[in-house]
Each structure stands twice: as C-alpha cells, then as structure tokens.
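# Based on what follows, work out the 3D shape:
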Amino acid sequence: MKKKVEKPSLESLREDIVFDTTLCDQKLRLHSTWGIFSPREIDAGTALLLKYVDIAKDADCLDLGCGYGPIGLTVAKLAPQGKTLMVDKDFMAVEYSNKNAKVNNIDNAEAMLSNGFQHIEKDRRFDVVISNVPAKVGKEMMTLMLNDAKRHMKPDGEMFLVTINGLRQYMKRNLNEVFGNYKKLKQGPGYTVSYARRER
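Sure thing, here's the model as predicted:
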C-alpha cells in the first residue's frame, strides 16, 4: 500500500525558504520564496559563472537581474573595499536581496528595482558587470542591456555573463559587436560563461 504524501500547508508555503551555500569560498545563508528564480538552491548557471570570475578587492560591481542575491552578495564579499549594486525588475527579488545582505552582514551591497539599467543613475560606473542572463530575455532587451552595460562601465571594466548554450553564438556575435572583443571562459553541459572588456 502506497504511503500517502502529505501536502505542505499554506502556512509552510508562505514561510521563507532558507539554505546555506558556499560560493567562491564565501559562506552565505540565503532566504528566498516561491516565485523567485531557483528558490531552493543555487542553479547550475550561477554555480558555473562564479567559478570563473576574478574580482578585485576594491571593485565596484553590478549584478544585473539579481534574484535573491547569490551572485551580487558573493561579489560584494570578494570586493569588500568596493560597492555592489544589485538590480532586478521583480520587487520580491529586490526585497530578498536586501534581506540577504542584512542576514549576512554585507554592508557594501544594496538592491534596487530596475528593468535593466533603466533606474540606475546615469553617471554611475562599474568595474564589473555580472549577470546570469535569463534564457527568454529577448533580443531587444539584450541589445539595450549590452550597450547600456558598456556605457556604465569604467575603462577596462569587465563583463561576466552566463547563458544557456543555445545563446552561445548569439552572445559571441553581440559582445564582439558592442565591445570589440569576446572570450569564452567555460562551456559546460548546459551553460556557457562569456567575458568582454570595455577597452579604453
């Protein structure tokens, strides 16, 4: 006789999902909730991306499409002398990123609501722009994102992106077009980590 699997209660579904993780040797306790991307664990794209980043201790960083903050909070810990901005168009993602910054005592990171670069101050510049790019972001948004990223990067600023393998050639073409350079840092079974630099 099959054992009956009990459904979780509505109250338990409304509680925060909480888990511990280590990314780039940085320990984090992360809170998330249903409806945010990959709420119960670090997704494969983020895990792969963070294996191939190299962040200076004083870097000012931008995490584009931050979710509940695993990438942004990791780079903020790697760059304690810089400031990290995390942005997302989802207000719950922003809320949880800020919550996770507090939970982990990371005072050099903050999250704000923005669709791409739309609400970022026009004169703000970054040493590093990093993103786990959604598979269905759309070509128009991707064009805006890459061109705006270049405009908001300091000379010699770096961009680290992870995408599904199906977007690999697209990213190669577009990074070459916008930045004049492109490097494939790693291609895994499902995801590719791409890199470009804003040359002086």
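
# Residue 183 and residue 31: what is the separation?
As judged by Cβ to Cβ, to the nearest Å, residue 183 and residue 31 stand 34 Å apart. The C-beta positions use only the backbone N, C-alpha and C, and glycine is treated the same way.

# need the helices for this protein, in chain order.
Along the chain, counting by DSSP state H, helices occupy 10-14, 44-50, 70-78, 91-103, 139-151, 168-179.

# Deepest in the core, which of the ones you listed is it.
Compared across the helices of the chain, helix 70-78 shows the largest average neighbour count, a mean of 26 (mean count of other Cβ atoms under 10 Å).

# helices or strands up against it?
Packing partners of helix 70-78 (3 or more Cβ pairs under 8 Å, 6 or more residues apart in numbering; DSSP states H and E): strand 17-23, strand 26-32, helix 44-50, strand 61-64, strand 84-88, helix 91-103, strand 109-113, strand 126-132.

# I'd assumed residue 110 was in contact with residue 101.
Yes. Counting by Cβ atoms under 8 Å, residue 101 does reach residue 110; the two are 6.7 Å apart.

# ok, longest strand in the chain?
Ranked by residue count, the top strand of the chain under DSSP state E comes out as strand 153-164.

# what is residue 192 paired to in the beta sheet?
For residue 192, the beta-bridge partners under DSSP bridges are residue 163, residue 187.

# quick one: contacts for it?
Counting by Cβ atoms under 8 Å, 6 or more residues apart in numbering, residue 192 makes contact with 162, 163, 164, 165, 167, 168, 171, 184, 186.

# switch the cut-off to 10 Å
Residue 192 is in contact with 45, 48-49, 161-169, 171-172, 184-186, counting by Cβ atoms under 10 Å, 6 or more residues apart in numbering.
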